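K.L.:
What follows is a predicted protein model with its sequence.
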Amino acid sequence: MTAGSRGDVAPYTGLGRRLGLAGHEVTLVTHGRFEALVAGSGLRFHALPVDPLAELQSPRGRALHRSSSGAGKLLRVVELARRVVGRMTEGLLGAARGSDALLLSSSLAPLGHTIAEGLRLPSLGVYLQPLAATREFAPAVLGGGSWGGPVNRLAGHGVSMAVEHVFAGTVPAVRERLGLPPLPAGAARRTRERRYWPVLHGFSPLVVPRPGDWRRGLEVSGYWWPYDTDTQLPERVRQFLDAGSPPVFVGLGSATVPDAGRLSARVVTALRRAGLRGVIQRGWGGLTADGDDMLAIGEVPHALLFPRMAAVVHHAGAGTTAAGLRAGVPAVPVPVQFDAGFWSARLVALGVAPAVVPLRRLTVDALAPALERATRDPACRRRAEALGARIRDEDGAAPVIAVLDRLDG
């Protein structure tokens, strides 16, 4: 069960596929617009009614761009989510009633755990970001970094409370409906902590080592790679790649932007100033490009495209960050919001990105030199290739299969 943008859904197609190959029957429960992602995977699909793109394009969704701080964006998205989560409750209950166990993303965990408790089903968390409080870094959804151990941990508890607040108007009614006793605010989260509710995190310990002060039951398993039926790139993409030097990928995934035309022009100008060809992915932001040295594309599997790139410029979402690392190519992160700042900082710390160019400060003068450094620094390329090889050797699905088998037992 997951909710959010494409990046909040795609990794679970690969995890679900692996669970299926291990003998489980798997249903992906998420927004209806993502049904095509499970085609050919052997997974079942249960649609939820909310369209995340429509929500982001609504006045409340567009207001996210008016917040310059991570805390401001978090407050806005919490209120946005509170208004839509109730519309998904029936779909979640319907899917759960035909299930033997629930695997819950962080975006639905408080509600999903309540449903699992009421239906007496085992459950576990499968998170794409580190959310549990730790002294080692500030909350990922607030941009990461460090504000000092005590403040980091306090802020982490504050984020957990904000997440619970999303479901405060929905969970009490679900508890009553399922015959569960009422609980005061925050009690359900504390219960999950005391019982060491298992949460596995779908990112590499090479990128984010497990914090030493995390409780028992919180583990870092390794990346879960999206399932793709395509085995080769589209012909027009292959022709463009073969026609010249390796280009730079630019894409913002499911992030929306206030002025796609102006941003696209800046990106293209920066690429040309750096003497680079570009592959520009339209994404939900609607980026565009023209000219013989630029190729505009729609959805193309990153696993096929990224290894052919000189570098990848992206919004630093968890999934796209992972795909770039797996491909072993340098990056230029352009964080937009939420955990993007956290992943951007990780890329720089790992030495596979020369600098962070936040969307709000993206100019030609900022992006062009970052592109030059990413594509012409052999040490950056070597570090990216070495890390990519180690990540490709990991098996992030195996720990999930092991935990699920114990739950079934």
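P.N.:
Nice, I can see it.

K.L.:
For the chain, which segments count as strands?
P.N.:
For the chain, strands defined by DSSP state E occupy the ranges 27-31, 44-48, 102-104, 123-127, 199-201, 218-220, 248-251, 278-281, 294-297, 311-314, 331-333.

K.L.:
May I see the buried residues of the second one?
P.N.:
Applying a neighbour-count criterion of 16 or more other C-beta atoms under 10 Å, the buried positions in strand 44-48 are 45, 46, 48. Glycine gets a C-beta too; all of them are placed from N, C-alpha and C.

K.L.:
Is the second one bridged to anything, and to what?
P.N.:
Note on residue 46: beta-bridge partners residue 29, judged by DSSP bridges.

K.L.:
Save the buried residues of strand 44-48 as JSON lines, and put in pLDDT too.
P.N.:
Conversion of those to JSON lines gives the following (pLDDT from 0 to 100):
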{"residue": "45", "pLDDT": "97"}
{"residue": "46", "pLDDT": "96"}
{"residue": "48", "pLDDT": "93"}
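
K.L.:
for those, which one is nearest residue 96?
P.N.:
Lowest distance from residue 96 to the buried residues of strand 44-48 (C-beta to C-beta) belongs to residue 46, with 9.5 Å.

K.L.:
Do I have it right that the closest one meets residue 28?
P.N.:
Yes - using C-beta atoms under 8 Å, residue 46 is in contact with residue 28, at 7.2 Å.

K.L.:
what residue ranges in the stretch 101-250 of the chain score low on pLDDT?
P.N.:
The stretch 101-250 of the chain contains no residues with pLDDT under 70.

K.L.:
Show me the helices in it, by range?
P.N.:
109-118, 149-166, 171-177, 187-194, 235-242 (DSSP state H, counting those that start in this stretch).

K.L.:
ok, and which of these has the densest surroundings?
P.N.:
helix 109-118 (a mean of 23; mean count of other C-beta atoms under 10 Å).

K.L.:
for that helix, packing partners?
P.N.:
helix 89-97, strand 102-104, strand 123-127, helix 149-166, helix 171-177, helix 187-194 (3 or more C-beta pairs under 8 Å, 6 or more residues apart in numbering; DSSP states H and E).

K.L.:
In PDB, list the C-alpha atoms belonging to that helix.
P.N.:
Output of helix 109-118 as PDB, limited to C-alpha atoms (Å, rounded to 0.1, in the frame of the first residue of the first chain):
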ATOM      1  CA  ALA A 109       1.700   3.600   7.500                       C
ATOM      2  CA  PRO A 110      -0.400   5.100  10.300                       C
ATOM      3  CA  LEU A 111      -3.700   4.300   8.600                       C
ATOM      4  CA  GLY A 112      -2.500   1.000   7.200                       C
ATOM      5  CA  HIS A 113      -1.300  -0.200  10.600                       C
ATOM      6  CA  THR A 114      -4.700   0.700  12.100                       C
ATOM      7  CA  ILE A 115      -6.400  -1.400   9.400                       C
ATOM      8  CA  ALA A 116      -4.000  -4.300   9.900                       C
ATOM      9  CA  GLU A 117      -4.600  -4.100  13.700                       C
ATOM     10  CA  GLY A 118      -8.400  -4.100  13.300                       C
END
